[in-house]
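1. Sequence unavailable; structure follows:
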């Protein structure tokens, strides 16, 4: 398990991001994934966008977009939504290299092309930074 200082730094980053994007939500899975090198995401979707926040929370809980899509497929279908749509991917902010790789793969599976630079800029804008250092 991660040390307390690393967990505090991860939580602080995610709290600041949640504050800047007005997307207060669960953060423990994202913080733990961030410091343990598993895919860690935040979202640019506002609080009222429950499907997008559910998607982000499930992705972080399972540390995998593909696994989250599989788990949420029936729920999204019942609500006349397509969990495989790149629209849901557009709401994710990758926080580390594992998340960036997972998100690039998910876009490829969806038949949509994004560059790593584009995805990193998305996170940069949300964090209000000029350059994002993707935690190793």
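-> Cool, the structure landed. Remember, predicted model here, so these are calculated numbers, not experimental data.

2. just checking, residue 29 touches residue 58?
-> No. The pair residue 29 / residue 58 is not scored as a contact, 9.3 Å apart, by C-beta atoms under 8 Å. In short, each C-beta sits where N, CA and C put it, glycine included.

3. sec struct for the closest residue to residue 51 other than its chain neighbours, please.
-> Sequence neighbours aside, residue 81 is the residue nearest to residue 51 in space, at 6.0 Å (criterion: C-beta to C-beta, 6 or more residues apart in numbering). In three-state terms, and counting by DSSP: H, G, I helix; E, B strand; the rest coil, residue 81 is coil.

4. from memory residue 81 sits against residue 50, does it?
-> No. Judged on C-beta under 8 Å, residue 81 makes no contact with residue 50 at a distance of 10.8 Å.

5. Looking at those two, which is more packed in?
-> Higher neighbour count among residue 81 and residue 50: residue 81, with 16 against 10, using other C-beta atoms under 10 Å.

6. Tell me where this structure has helices.
-> With DSSP state H applied, the chain shows helices at 4-21, 28-36, 50-62, 65-78, 86-89, 97-109, 116-127, listed in chain order.

7. if we compare those helices, which one ends up closest to residue 43?
-> helix 50-62 (4.1 Å; C-beta to C-beta).

8. name the helices or strands packed onto the closest one?
-> Judged by 3 or more C-beta pairs under 8 Å, 6 or more residues apart in numbering; DSSP states H and E, helix 50-62 is in contact with helix 28-36, strand 41-43, helix 65-78, helix 86-89, strand 92-94.

9. tell me the most buried of those?
-> Neighbour counts (mean count of other C-beta atoms under 10 Å) averaged over each of those peak at strand 41-43, with a mean of 28.

10. Now that strand: average pLDDT?
-> Mean pLDDT, strand 41-43: 91.

11. Likewise for stretch 63-78?
-> pLDDT averaged over stretch 63-78 gives 95.

12. residue ranges with poor pLDDT in this structure?
-> 1-2, 18-26, 47, 130-136 (pLDDT under 70).

13. Point to the residue nearest the middle of it.
-> The centroid of the chain falls nearest to residue 41 when counting by C-alpha atoms, centre = their mean (2.3 Å).

14. hang on, that residue packs against residue 30?
-> Yes. Look at residue 41 against residue 30 with C-beta under 8 Å: they come within range, at 6.4 Å.

15. Thank you kindly, that will do.
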